[in-house]
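In: sharing a model prediction with you, sequence too.
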Amino acid sequence: MYLLRNGSLALDLNRRSNGCLYVQRSDLGSAAWIPPSMIRSTLKTRQAYELAKSTDIPLLAAG
């Protein structure tokens with residue numbers, strides 16, 4: 001899971017193309033291709049849970 005530069009969470013969907021990552025974005029509510037430069041940091045599951053719990057960022061359900 002990633003924290004993006006705009007402050008939203010993104011779940012990695014394990015697809016890569018031309019250097020971009022395919023992620024589920026919490027701010028858009030849909031999947032999108034993003035360049036690695038949009039990623040502020042990589043979060044561990046617990047960090048993502050705590051961030052979502054302490055803010056208004058919705059945590060995406062991962063299957």
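Out: Arrived safely, thanks for sending.
In: so residue 22 touches residue 10, yeah?
Out: No. Using Cβ atoms under 8 Å, residue 22 makes no contact with residue 10, being 9.8 Å away. Placement of C-beta: from N, CA and C, glycine included.
In: who's more crowded, those two?
Out: For residue 22 versus residue 10, neighbours defined as other Cβ atoms under 10 Å are more numerous around residue 10 (26 against 15).
In: the more buried one pairs with what?
Out: residue 2, residue 25 (DSSP bridges).
In: residues contacting it?
Out: Applying Cβ atoms under 8 Å, 6 or more residues apart in numbering, we find residue 10 in contact with 1-4, 23-26, 34, 39.
In: the same query, at a cut-off of 6 Å, please.
Out: 2, 4, 23, 25 (Cβ atoms under 6 Å, 6 or more residues apart in numbering).
In: cool, residue 41 as well?
Out: Contacts of residue 41 by Cβ under 6 Å, 6+ apart are residue 3.
In: if you count neighbours, what's buried in the helix or strand containing it?
Out: Assigned by DSSP states H and E, residue 41 belongs to strand 39-42. For strand 39-42, burial by neighbour count (16 or more other Cβ atoms under 10 Å) applies to residue 39.
In: and that strand, which strands flank it?
Out: Applying DSSP bridges, one finds strand 39-42 paired with strand 2-4 (antiparallel).
In: which residue ranges form the helices in the chain?
Out: According to DSSP state H, the chain carries its helices in the segments 45-54.
In: about what we covered before: how far does the strand holding residue 41 sit from the chain's center?
Out: 8 Å (Cα atoms, centre = their mean, to the nearest Å).
In: tell me the spacing between the closest residue to residue 23 other than its chain neighbours and residue 31.
Out: Using Cβ to Cβ, 6 or more residues apart in numbering and skipping the chain neighbours, the partner closest in space to residue 23 is residue 10 (4.0 Å). According to Cβ to Cβ, to the nearest Å, residue 10 and residue 31 sit 9 Å apart.
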